[in-house]
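[1] predicted coordinates and the sequence they were generated for:
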Amino acid sequence: MSRFWNERLQQLTPYVPGEQPQMTNLVKLNTNEHPFGPGEAVTQAIREAADERLRLYPDPDATQLRQAIADWFGLEVSQVFPANGSDEVLAFIFQGLFRSGEPVLFPDISYSFYPVYCGLYGLESRTVALDEQLRIPVEAFQPPNGGVIFPNPNAPTGRFLDLESVERILVANPDRVVVIDEAYVDFGGESAARLIPDHPNLLVTQTLSKSRSLAGLRVGYALGQQHLIEGLERIKNSFNSYTLDRLAQAGAIAAFRDEAGFRAGQQAVIEQRERLNAGLEALGFEVVPSRANFVFCRHPAVSGAELAAQLRERHIIVRHFDKPRIEQYLRITIGTGDEMTALLTALDDILNSGE
Ligand code: PMP
C-alpha cells in the first residue's frame, strides 16, 4: 500500500496466491486448463511464425484471425473482436459498454473478476442470488441496471442456462448490454452466438484458454453486432493498438483450422467428466450437474477446506472458495484419466481411512 494509490486501487486484493504453483510433481486441477496440449498443427504454426518477421509489428487488426473466427461461427468479420484472453475483452466491456449510475448485475456465485472490474472502473454492482439448486434466476435480471453479465455455463457451478432463458434476459433488458461469458461453453453447452442477429444488446465472449488448450497463448474474443464491436475497437485503439502478438495470432488461426483436434479434446474431457461424476457420487459427494470442464461438489461429512488441504498434502490441487454459500464445495478441473484416478483414490483414502 502506498499513499499514492487511489481509493479504487486501495480496495483491490491480489489474486489468490498459490493458484499457479511452478512445481512439476503436482496433479493440478485448480484453474480449469485443458489436460492435453494443443494439436501438432497449432504448435507447428507457432514455430513457423517464430522467424525473422518477429522484428516487425503484428497486424494490429488480426485480420486473418478475425476471418477464421467469423468463418467458424458463420458471422461477419465486423462482428468479431479478438484480444489478449477473454479477461482483456471483459475489461474493455466494463470500461466502455456498461453504464455507471446504475448497478451492473451478475450472479452472487459467479466469476470473481466481475466485482474486481467494477471496482477498478468505478462501476456500481448488484449481485443476484442463485436459487437453492445454484441455478440462475432469470426473472431477477431486470432494469434498471448498468448492464448484465454472467458465465454460461456458470463458474464455478458448471450449470448451463438454456438459450430460451438467455433470450428472456435479452428481451427484458433492451437498452442495456447483456454479456454471456462463454469461457466453458464447448464442453456440452450451446453458444448464444446464434441469437446475435436478433439481439442488438447481446455480446458473447469466448476464449481459447479452455476447450482449445491454449491458456498460455492468451487469446479470447467477443462476438456481437457491429455497433458493439466498434465500441470495443474504439477503447482498444485509444491506448492498446496492437491486439495480439504474431505468435498468438498464428497459433489461434491454426487452432480454428484444427477442427478434428478440437473435437477430440472436447470429447476426452466430457468422458472424464462423466467418469469423475460417477466416482464422486460413489464416494458420497453431491455433484452439481456440469456442462463445463470442471465439477462443483460437496461432501456431507467433511468440509471443503479440509478436503482441499488433505488433497494438497497428497500433491493434488483443487479449488476451494472461502466464500459464503459455497465454502462446503470444491471445484475440480477435469484432468487426464490418470489424474482422475489419482484424485478419486486420494479422496477414497481421505474419507475412508478411519474405517
Ligand atoms: N470467464 C470465466 C468465467 C473464466 O473462468 C475465465 C478463466 N479463469 C475467464 C473468463 C478468462 O479466461 P481467459 O482470460 O484465459 O480467456
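    Thanks, I have it.
[2] quick one: secondary structure of the most centrally placed residue in the chain?
    Nearest to the mean C-alpha position of the chain, by CA atoms, centre = their mean, lies residue 183 at 3.4 Å. Under the three-state scheme (DSSP: H, G, I helix; E, B strand; the rest coil), residue 183 adopts coil.
[3] got the contact list for it?
    Shown in contact with residue 183 (CB atoms under 8 Å, 6 or more residues apart in numbering): 86, 111, 151, 155, 205-207, 209-210. Where C-beta positions appear, they are placed from N, C-alpha and C, glycine not excepted.
[4] most surrounded residue in those residues?
    Using other CB atoms under 10 Å as the neighbour test, the contacts of residue 183 are led by residue 151, with 29 neighbours.
[5] which residue is the nearest non-sequential neighbour of it?
    Computed as CB to CB, 6 or more residues apart in numbering, the closest residue to residue 151 that is not its neighbour in sequence is residue 181, at 4.2 Å.
[6] the one you found bridge partners, please.
    residue 151, residue 205 (DSSP bridges).
[7] picking that back up, grab the nearest non-local neighbour of the residue nearest to the centre of the chain.
    By the measure of CB to CB, 6+ apart, the closest residue to residue 183 outside its immediate chain neighbours is residue 207, 5.0 Å from it.
[8] residues in contact with the helix or strand harbouring residue 28: which ones?
    Per DSSP states H and E: residue 28 is located in strand 27-29. With CB under 8 Å, 6+ apart as the test, strand 27-29 has contacts from 21, 315-319, 332-335, 339, 342-343.
[9] do I have it right that residue 304 meets residue 331?
    No: if you go by CB atoms under 8 Å, residue 304 and residue 331 don't touch, sitting 9.2 Å apart.
[10] the two - which one has more neighbours?
    More neighbours surround residue 331 than the other of residue 304 and residue 331, with 26 against 21 (other CB under 10 Å).
[11] could I get the host helix or strand of that one in PDB with only the CA atoms?
    Here residue 331 sits within strand 329-333, counting by DSSP H and E. Written as PDB, here are the backbone C-alpha positions of strand 329-333 (Å, rounded to 0.1, in the frame of the first residue of the first chain):
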ATOM      1  CA  TYR A 329     -17.800 -27.000  -2.100                       C
ATOM      2  CA  LEU A 330     -14.800 -28.000  -4.100                       C
ATOM      3  CA  ARG A 331     -14.300 -27.100  -7.800                       C
ATOM      4  CA  ILE A 332     -12.300 -29.800  -9.500                       C
ATOM      5  CA  THR A 333     -10.900 -29.300 -13.100                       C
END
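[12] okay then, goodbye and thanks.
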